[in-house]
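*Asks:* okay, here's the prediction I keep looking at, along with the sequence it came from:
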Amino acid sequence: MTGLTRRGFLVGGGAAVAGAAALGGAAAGSGRVRRALGLRPDFYVPDAPEGRVGLEPVASAAMGGDVDLFTAVPAGYGDGAGLPVVVVLHGSSASAADFRGFGFGSFLTAAVQQGAPPFVLAGTDDGPSGWVPAPGADPVAMLRDELPGWLADRGFDADRRALWGWSRGGYGALRFALEEPDWARAAALFSPAVSAADPALAELSPLAGLPLAVWCGTDDAFYDDVRDVVGRLPEEPEAVTYADGGHTRVFWNDHTVDAFGWLGGELAGR
């Protein structure tokens, strides 16, 4: 495993996703491929209580209708009143309705039990083009203009926000931070599905001053592009981890508690 402090970051593209899918059909007997695909019988979810977890529809003008809003408060912190928020941007194969099944409530409690300053998780659904605007759905406007009000209505500290996304959500978090660099206090990116050749990532200077952390598996189809984009950031990220693993929930779950610890510290202003 390679853990780099103050240096590292992201990249990928649609071709890389297709390559990963082709890889899975080609050589399932290979140990390297099986690790990259997460083909093992279990993935890590901590043995910790959920706390308060909810899923409810909210009306979004930006998205043209209702979206699901997931929230999770660490065990022992009641309804989460006054806590800052980590906003979750899911990958293309997931939705907010999946978050409880992924064990996010248990991950959050476990991170707090291990010393992370407490915070709330909150996440919604994306649009037909992921986390970028499409006809009839603007997830950027939804995050920027509507989500803070939903968070404040539920008693959370809507002015202290960070971003956490994986795969397409990691790309969305990066794109959103480029467009709205003052919206979040930090961003943690897991295996962001971005491309070094993406014109939207040609100019990364707006990210200067935003604390970033990145995790990516060395067997991930996006790995080379991730490293390329990391090298073009205007400042070194706070933390980067390149470790064994692929573009899988197995890899992401193995690093979620660490990411939550980092995000909690950034929100607490350490």
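*Replies:* Thanks, I have the structure now.
*Asks:* any low-confidence regions in the protein?
*Replies:* Within the chain, the stretches with pLDDT under 70 are 1-42, 270.
*Asks:* so which residues of it form helices?
*Replies:* 14-26, 31-36, 104-113, 139-141, 147-153, 168-179, 223-231, 249-267 (DSSP state H).
*Asks:* nearest spatial neighbour of residue 49, chain-adjacent residues omitted?
*Replies:* residue 75 (4.1 Å; C-beta to C-beta, 6 or more residues apart in numbering). Where you see a C-beta, it was placed from the backbone N, CA and C, and this is true even at glycine.
*Asks:* that neighbour and residue 48 touch, don't they?
*Replies:* Yes: with contacts counted by C-beta atoms under 8 Å, residue 75 reaches residue 48, the gap being 7.1 Å.
*Asks:* which residues are in contact with both of those two?
*Replies:* Common contacts of residue 75 and residue 48, defined by C-beta atoms under 8 Å, 6 or more residues apart in numbering, comprise residue 109.
*Asks:* rewinding a little: the residue nearest to residue 49 - how many residues pack around it?
*Replies:* A count of neighbours around residue 75, defined by other C-beta atoms under 10 Å, yields 19.
*Asks:* quick check: the gap between it and residue 161.
*Replies:* As for residue 75, its distance to residue 161 is 22 Å (criterion: C-beta to C-beta, to the nearest Å).
*Asks:* can you give me the distance of residue 127 to residue 151?
*Replies:* With C-beta to C-beta as the criterion, residue 127 and residue 151 are 20 Å apart.
*Asks:* can you check residue 109 too?
*Replies:* 20 Å.
*Asks:* okay, and the beta partners of residue 67?
*Replies:* residue 58 (DSSP bridges).
*Asks:* check contacts around it.
*Replies:* 57-58, 60, 96, 124-125, 142.
*Asks:* repeat that with 10 Å
*Replies:* For residue 67, the contact set (C-beta atoms under 10 Å, 6 or more residues apart in numbering) comprises 57-60, 95-96, 123-127, 137, 139, 142, 146-147, 150.
*Asks:* gap between it and residue 87?
*Replies:* 13 Å.
*Asks:* what does residue 125 give?
*Replies:* Applying C-beta to C-beta to residue 125 and residue 87 gives a distance of 13 Å.
*Asks:* go on, residue 245?
*Replies:* 24 Å.
*Asks:* circling back to that earlier point, overlap of the contact sets of residue 67 and residue 87?
*Replies:* In contact with both residue 67 and residue 87: 123-124, 147, using C-beta under 10 Å, 6+ apart.
*Asks:* among those residues, name the buried ones.
*Replies:* Among the shared contacts of residue 67 and residue 87, those classed as buried by 16 or more other C-beta atoms under 10 Å are 123-124, 147.
*Asks:* now, which of those residues sits nearest residue 189?
*Replies:* Among these, residue 123 lies closest to residue 189 (C-beta to C-beta), at 14.9 Å.
*Asks:* thought residue 58 was touching that closest one, still the case?
*Replies:* No: taking C-beta atoms under 10 Å as the definition, residue 123 is not a contact partner of residue 58, at 11.8 Å.
*Asks:* find the residues that touch each one of these two.
*Replies:* Common neighbours of residue 123 and residue 58 (C-beta under 10 Å, 6+ apart) are 67-69, 147.
*Asks:* tell me which two of the residues you listed sit farthest apart.
*Replies:* Across the shared contacts of residue 123 and residue 58, the longest distance by C-beta to C-beta is 12.5 Å; it joins 68 and 147.
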